[in-house]
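Colleague: Next come a sequence and a model predicted from it.
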Amino acid sequence: MVELFGFSFALDIKLALMCIVVFVAGIIRGFLGFGSALLIVPALSVLYGPALAVVIGVLIEIPTSLGLLPVAIRQAERRTVTKMLLTFLVFVPVGTLLLKSVNPELMKIVISLVVLVMVGIIALQERMVVLLSHFGTLFAGATSGVAQGMTGMGGPLFVTALLARGESAIQTRANIVALAGGLITISATSFVLAGLVTHQAVFYTVLGTPAILLGVWVGSALFQRLSRWNLRGVILSFLALTALVTLAQTLL
């Protein structure tokens, strides 16, 4: 056992598994551009419990997201980004309150089901774009905010809503990156105010950050070299399998 910041932790298989999980999640982020939390949160909820997993999933995204913000802020469509960020400010705390109050075992079930829904959204993104174009970005912002605060996995909803706007690829990517950075910042702040960011969460985040950064680099390289392969389908299948295993482990 090692003592640090007043708590003890074991340098055992759990830490090794965590680093492997965040590395693979980084590959997903580097290849798809988002979605790493869909693996990190359900996997770490088995290792460390749902609340700690959600906090780690948000904190570990900070370096990768904030590094992309300067260019994105200059290119983003400010009106769209501002409206959705204001929606996040209202609804992320609502999700955070649910995270604090819901039973941990029930949270594992909710997280697993959210992952399956998000995977479906990504897989059927073209159809979802048409659907969300009728509801607008504010509805997507509200649902993304609640999902983010409660499970740390609000990304696919607002990404699909932004795609529905039909803007240029550069504009859309800038909006996504800017909103992802804002969503993570709001989530982290909400978690701090709710008392969910512990020394333990910060320490595990520091341990996992090099692994996710390496994974993002590998995922970006794979996209450049192997984008003609159906790696997207493989990744989504892997995420769905992870959610189903977590769900089965909780229910059985």
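Modeller: Yep, that arrived. Please read these numbers as outputs of a predicted model, since none were measured by experiment. Numbering: from 1, shown residues only.

Colleague: CA only for contacts and neighbour counts going forward, please
Modeller: Will do.

Colleague: Which other helices and strands does the helix or strand residue 100 falls within contact?
Modeller: For residue 100, the host element (DSSP states H and E) is helix 78-101. Taking 3 or more C-alpha pairs under 8 Å, 6 or more residues apart in numbering; DSSP states H and E as contact, the helices and strands that helix 78-101 lies on are helix 137-151, helix 169-193.

Colleague: May I see the buried residues of the last one?
Modeller: Read that as helix 169-193. 172-191 (16 or more other C-alpha atoms under 10 Å).

Colleague: can you give me how far that helix is from the chain middle?
Modeller: 10 Å (C-alpha atoms, centre = their mean, to the nearest Å).

Colleague: follow-up on the earlier one: wait, which of the helices and strands packed on helix 78-101 is closest to residue 40?
Modeller: When these are compared by C-alpha to C-alpha, helix 137-151 sits nearest residue 40, at 10.7 Å.

Colleague: name the helices or strands packed onto the helix or strand harbouring residue 40?
Modeller: Assigned by DSSP H and E, residue 40 belongs to helix 37-48. With contacts taken as 3+ C-alpha pairs under 8 Å, 6+ apart, helix 37-48 sits against helix 13-32, helix 50-59, helix 104-123, helix 231-251.

Colleague: now those helices in CSV, with distance to residue 211?
Modeller: Formatted as CSV, these follow (distance: least, C-alpha to C-alpha, whole Å):
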stretch, distance to residue 211
helix 13-32, 5
helix 50-59, 13
helix 104-123, 22
helix 231-251, 18
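
Colleague: Looking at those, which is nearest to residue 96?
Modeller: Residue 96 sits nearest to helix 50-59 of all the helices and strands packed on helix 37-48, at 9.7 Å, using C-alpha to C-alpha.

Colleague: Kindly calculate the angle that whichever helix or strand comes after the closest one makes with helix 78-101.
Modeller: Counting by DSSP H and E, the next helix or strand C-terminal to helix 50-59 is helix 62-75. Angle, helix 62-75 to helix 78-101, by axes from the mean of the first three to the mean of the last three C-alpha atoms, to 10 degrees: 160 degrees.
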